[in-house]
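[1] Show me the folded form of this:
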Amino acid sequence: METKKKTKKVQLVKLAHARSGDKGDTANVGLIALKPEFYPLLAKQVTAARVARHFRGLIRGGVERYELPNLNSLNFLLHGALGGGGTISLKTDAQGKVFSTALLRMEIAVPRGLRV
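    Below is the predicted model of the structure:
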């Protein structure tokens, strides 16, 4: 007898919106839950380690995560992400604007009954 999965994979774009920018060689990505009930899922599953794996090969440094539960948000600092920073980098996106869009492609597990 098959057991039904209790969760399904969903891209973060269905649960959150994001903004990103830069400070030197560090990209800053804010992940904001679309609904307050989505925040606990984000806080549990979108860890610094998981974000670092998601951006493997694109960043040279570590990832820091800050929780802002009063805003239903997480903020990530991606160190070594911008090839030295906006004024000296040869990267196409030296200000880190597309990191937010890239993060929203990450998938997490959500309960099957959750309306997204």
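
[2] Please spell out which residues along the worst-scoring helix or strand of the chain on mean pLDDT are buried.
    When each helix and strand of the chain is scored by mean pLDDT, DSSP states H and E, strand 16-23 comes last, with a mean of 89. Going by neighbour count (16 or more other CB atoms under 10 Å), the buried part of strand 16-23 is 16, 18, 20, 22. From N, CA and C alone the C-beta is placed, and that goes for glycine too.

[3] who's in contact with the first one?
    Neighbouring residues of A16 by CB atoms under 8 Å, 6 or more residues apart in numbering: 31-34, 38, 42, 104.

[4] try N72
    32-33, 36, 38-39 are the contacts of N72 under CB under 8 Å, 6+ apart.

[5] Buried ones among the residues you listed?
    Buried by 16+ other CB under 10 Å: 32-33, 38-39, out of the contacts of N72.

[6] Take those residues and keep only those in strands.
    Under the assignment DSSP state E, these contribute 32-33 to strands.

[7] In this structure F99 contacts D22, no?
    No. Using CB atoms under 8 Å, F99 is not in contact with D22, being 9.0 Å away.

[8] picking up where we left off before, now the contacts of N72 as JSON lines including distance to L74?
    Putting these into JSON lines (distance: CB to CB, whole Å) gives the following:
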{"residue": "I32", "distance to L74": "8"}
{"residue": "A33", "distance to L74": "9"}
{"residue": "P36", "distance to L74": "14"}
{"residue": "F38", "distance to L74": "11"}
{"residue": "Y39", "distance to L74": "8"}
